[in-house]
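K.L.:
Please find the sequence and the predicted model below.
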Amino acid sequence: MKREYNIGDKAWIYLGNHHGKKTESTVVHSFQLGWGPVYYVCEVSTPIDPLLEVRSAMSMAESADAGIGLEEAARKFRDKVLNEQKET
């Protein structure tokens, strides 16, 4: 899971009623509110105007196939358990 993004990076996010499908976006700005996490402004192209979404790195993925936030951690844990079961 990618923890930091730069301006211009592609990021995949869930939007609205996503049905498990991620939407491609571009990071256009980042900011931090005091001591908290870094937030990213993600721009999603639409036929009318760009849609801007504010996200933390925990709610973004670096590719359409990568997990978002706890999805990635859960996937790695599941794979580890399955591999350990195969070895026994």
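P.N.:
Perfect, I can see it now.
K.L.:
The residue positioned nearest the centre of the chain and L51, how far apart?
P.N.:
With distances taken as C-alpha atoms, centre = their mean, M60 lies nearest the centre of the chain, 1.2 Å away. The gap separating M60 from L51 is 15 Å, by C-beta to C-beta, to the nearest Å. The way it works is simple: take the backbone N, C-alpha and C, and place the C-beta from them, glycine included.
K.L.:
so how far is E72 from the closest residue to V41 other than its chain neighbours?
P.N.:
Spatial nearest neighbour of V41, chain neighbours left out: H29 (4.0 Å); criterion: C-beta to C-beta, 6 or more residues apart in numbering. Distance from H29 to E72, counting by C-beta to C-beta: 24 Å.
K.L.:
And L15, by the same measure?
P.N.:
Counting by C-beta to C-beta, the gap from L15 to E72 is 19 Å.
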